[in-house]
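**Q** Quick one: sequence and predicted model below, then my questions.
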Amino acid sequence: MSRKLLPLLILAAAVAVFALLKITRPEPEQVSASERSWLVQVQTVTPGVGTPVLSLYGELVAPDEQTITATLPGRIARLPVREGQQVSRGELLVALDESDLEPVLAEARAQVADLEAQAAAEQVRYRSDRQSLTSEQAILDNARRQFERVESLVARNLASRENLEAVTDALARAELTVQNRERAIAEHPTRLQSLQARLSRARAQLSATELDSERARAGAPFDGVVTGLQVATGDQVAPGQPLLSVYPVQGLEVRARVPQAFVPELSEALARNQSLIATADAGDHQFRLERFAGRSDAAGTEAVLTLQGEPGGLRPGALQSLVLQRPARDNTVMAPYSALYGADRMYLLTDEGRMQAITVERVGETRDRQGNRQLLVRSDQLTRGARLIITHLPNAITGLKVDVATAAGAPAS
């Protein structure tokens with residue numbers, strides 16, 4: 001009988017222990033729902049004068065580069081310079097062989113001398129024609145009198161027809177001689193003018209040849225750098241053939257395309273004689289915006305920026321990355337790009353520790369003192385002392401509770 005009651009006693013004891021544990025269990029604490037906050041960093045707003053910048057990419061050019069060409073046919077006798085060599089004003093760049101120049105000069109001088117002689121001969125001929133005309137007119141008068149006398153005799157049957165024909169021929173020859181002489185005298189001004197014109201042309205050709213002969217020994221027109229060397233000593237060259245180029249050390253320019261949206265603003269600043277400076281990315285060269293090209297296209301307008309100061313290691317043809325200062329704007333705030341949502345929305349921190357959306361105007365991009373890219377904005381709601389949230393939250397919305405984080409990421413006290 002006792003073996004049958006033992007399981008029941010064990011079951012009863014277990015139930016009693018369970019009931020005791022349930023009665024003596026501790027009561028759980030009441031959990032109250034709390035609103036979650038997000039850690040953010042803020043920037044104290046200080047409106048002021050901001051200078052937006054514009055990134056440009058252009059080619060470095062030398063607008064005053066000059067190409068030295070051969071003025072006369074000949075052989076290169078001297079070429080004392082090399083590609084990339086710096087030269088001083090007046091320093092010899094290239095010279096043609098003198099023996100190739102003398103025949104050309106001699107021919108030009110001979111042409112002038114020949115025409116001068118022809119002009120002098122024409123004057124002598126003119127004076128001789130005038131003297132001959134006087135004699136020929138006397139002969140003509142005598143022939144007329146002879147003709148009249150024989151004609152009178154023939155009319156009285158005192159002379160034969162053969163005599164009349166003879167004096168008639170003599171009169172005709174005398175008249176023709178006078179006419180030819182008068183025509184030669186009348187044509188004298190035309191012949192002399194033609195000779196003088198040819199002489200002037202020959203003298204001009206001689207002057208040009210002499211000038212070309214002088215230029216066959218070319219010196220540097222300015223302090224510059226030699227480039228584009230296309231010949232060597234001993235080469236035979238033809239007139240007009242390029243020999244080398246030289247560009248000035250000063251006066252280098254960058255030609256960069258500016259987007260059309262910024263052209264009116266920059267053009268207006270130039271019209272006000274405002275100095276707009278562009279700095280190379282390396283920071284060791286500065287360029288000044290001088291003007292815009294006369295033509296533009298859908299991509300923008302080409303701007304011309306001149307180098308300020310020494311060129312250093314700059315060379316034409318290199319691509320140059322610049323940061324151009326645009327006209328300064330008042331009441332602007334510099335902020336990191338992480339503070340911007342969409343195209344024109346930012347958030348301020350309210351006194352209650354919540355986010356408040358505001359609409360801003362994007363003025364452009366700027367650089368801080370460390371050279372980092374920053375956003376330049378303006379808005380009537382960006383007042384002095386306001387706290388701008390610069391941490392980008394994916395769930396940002398007006399009214400979202402946030403806590404200000406310190407540099408280490410812990411909530412500020």
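**A** Sure thing, it's come through. Residues are numbered from 1 along each chain as shown.

**Q** Give me the average confidence score over the longest helix seen in the chain.
**A** Secondary structure of the chain per DSSP state H: the longest helix is helix 98-155. Model confidence over helix 98-155 averages 88 on the pLDDT scale.

**Q** roughly how far is it from the heart of the chain?
**A** Averaged C-alpha coordinates place helix 98-155 at 63 Å from its chain's average position (CA atoms, centre = their mean, to the nearest Å).

**Q** give me the element the spatially most central residue of the chain is part of.
**A** For the chain, the residue whose C-alpha lies nearest the mean C-alpha position (CA atoms, centre = their mean) is R255; its distance is 5.4 Å. Following DSSP states H and E, one finds R255 within strand 253-258.

**Q** May I have the strands that pair with that strand, each with its orientation?
**A** As defined by DSSP bridges, the strand partners of strand 253-258 come to strand 53-61 (antiparallel), strand 300-308 (antiparallel).

**Q** Give me the next element, helix or strand, following the last one.
**A** Downstream of strand 300-308, the next assigned helix or strand under DSSP H and E is strand 319-325.

**Q** mind listing what's buried in stretch 346-364?
**A** 346-349, 354-356, 358, 360, 363-364 (16 or more other CB atoms under 10 Å). Backbone N, C-alpha and C define where each C-beta goes, glycine included.

**Q** Pick out whichever of those sits closest to A282.
**A** Ranked by distance to A282 (CB to CB), those are led by G364 at 22.2 Å.

**Q** Please save the CA atoms from whichever strand or helix holds that closest one in CSV.
**A** Under DSSP H and E, the secondary-structure element containing G364 is strand 361-367. Listed next in CSV are the C-alpha coordinates belonging to strand 361-367 (Å, rounded to 0.1, in the frame of the first residue of the first chain):
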residue,chain,number,x,y,z
GLU,A,361,20.3,79.2,-51.4
ARG,A,362,23.4,77.5,-52.7
VAL,A,363,25.8,80.2,-53.5
GLY,A,364,28.6,77.9,-54.7
GLU,A,365,31.6,76.0,-53.5
THR,A,366,34.4,77.5,-51.4
ARG,A,367,37.6,76.3,-49.6
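
**Q** and the angle for that strand with strand 319-325?
**A** 130 degrees (axes from the mean of the first three to the mean of the last three CA atoms, to 10 degrees).

**Q** Who are the packing partners of strand 361-367?
**A** strand 53-61, strand 329-335, strand 373-378 (3 or more CB pairs under 8 Å, 6 or more residues apart in numbering; DSSP states H and E).

**Q** Now with 10 Å, please.
**A** Identification of packing neighbours for strand 361-367 by 3 or more CB pairs under 10 Å, 6 or more residues apart in numbering; DSSP states H and E yields strand 48-50, strand 53-61, strand 319-325, strand 329-335, strand 373-378.

**Q** what's the closest of those strands to D403?
**A** That would be strand 329-335 among those, by CB to CB, at 20.0 Å.

**Q** what residues does that closest one touch?
**A** For strand 329-335, contacts defined as CB atoms under 10 Å, 6 or more residues apart in numbering pick out 43, 45-52, 339, 346, 360-361, 363-368, 374-380, 382-384, 386, 388-390.

**Q** Work out the gap between that strand and the centre of the chain.
**A** Computed by CA atoms, centre = their mean, the separation of strand 329-335 from the middle of its chain amounts to 34 Å.

**Q** hey, C-alpha coordinates of it in PDB?
**A** C-alpha atoms of strand 329-335 as PDB (Å, rounded to 0.1, in the frame of the first residue of the first chain):
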ATOM      1  CA  ARG A 329      28.800  87.500 -51.500                       C
ATOM      2  CA  ASP A 330      27.400  89.000 -48.300                       C
ATOM      3  CA  ASN A 331      25.600  87.100 -45.500                       C
ATOM      4  CA  THR A 332      26.900  83.700 -46.500                       C
ATOM      5  CA  VAL A 333      27.700  80.700 -44.300                       C
ATOM      6  CA  MET A 334      30.400  78.100 -45.000                       C
ATOM      7  CA  ALA A 335      29.300  74.500 -44.200                       C
END
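
**Q** buried ones in that strand?
**A** Using 16+ other CB under 10 Å as the test for burial, strand 329-335 gives 329, 332-335.

**Q** counting contacts, what elements does the helix or strand harbouring E290 pack onto?
**A** Using DSSP H and E, E290 sits within strand 286-297. For strand 286-297, the contact count by 3+ CB pairs under 10 Å, 6+ apart identifies strand 53-61, strand 253-258, helix 263-271, strand 277-280, strand 300-308, strand 319-325 as packing neighbours.

**Q** Please identify the most buried of the ones you listed.
**A** The densest packing among these, expressed as mean neighbour count by mean count of other CB atoms under 10 Å, is seen in strand 253-258 with a mean of 21.

**Q** got the angle for that one vs strand 286-297?
**A** With the same axes, to 10 degrees applied, the angle from strand 253-258 to strand 286-297 works out at 50 degrees.

**Q** What's the mean pLDDT across strand 253-258?
**A** Summarised as a single mean, pLDDT over strand 253-258 is 94.

**Q** hang on, R198 is in a helix, isn't it?
**A** Yes - in this structure, R198 lies within a helix as judged by DSSP: H, G, I helix; E, B strand; the rest coil.

**Q** Pull the contacting residues for it.
**A** With contact set as CB under 10 Å, 6+ apart, R198 has these partners: 111-112, 114-115, 118-119.

**Q** What about A328, how many residues nearby?
**A** Other residues lying near A328 total 13 when counted by other CB atoms under 10 Å.

**Q** Could you report the separation of it from V53?
**A** With the distance defined as CB to CB, to the nearest Å, A328 ends up 11 Å from V53.

**Q** now swap in T67 and tell me
**A** Computed with CB to CB, the distance linking T67 and V53 is 37 Å.

**Q** Distance from the chain centre to the worst-scoring helix or strand of the chain on mean pLDDT, please.
**A** For the chain, the helix or strand with the lowest mean confidence is helix 2-24, at a mean of 71 (criterion: mean pLDDT, DSSP states H and E). In terms of CA atoms, centre = their mean, the centre of helix 2-24 is set 104 Å apart from its chain centre.

**Q** Note down every partner strand of the next helix or strand along the chain from it and its orientation.
**A** Toward the C-terminal end, the helix or strand that comes next after helix 2-24 (DSSP H and E) is strand 38-40. Based on DSSP bridges, the pairing partners of strand 38-40 within the sheet are strand 402-404 (parallel).
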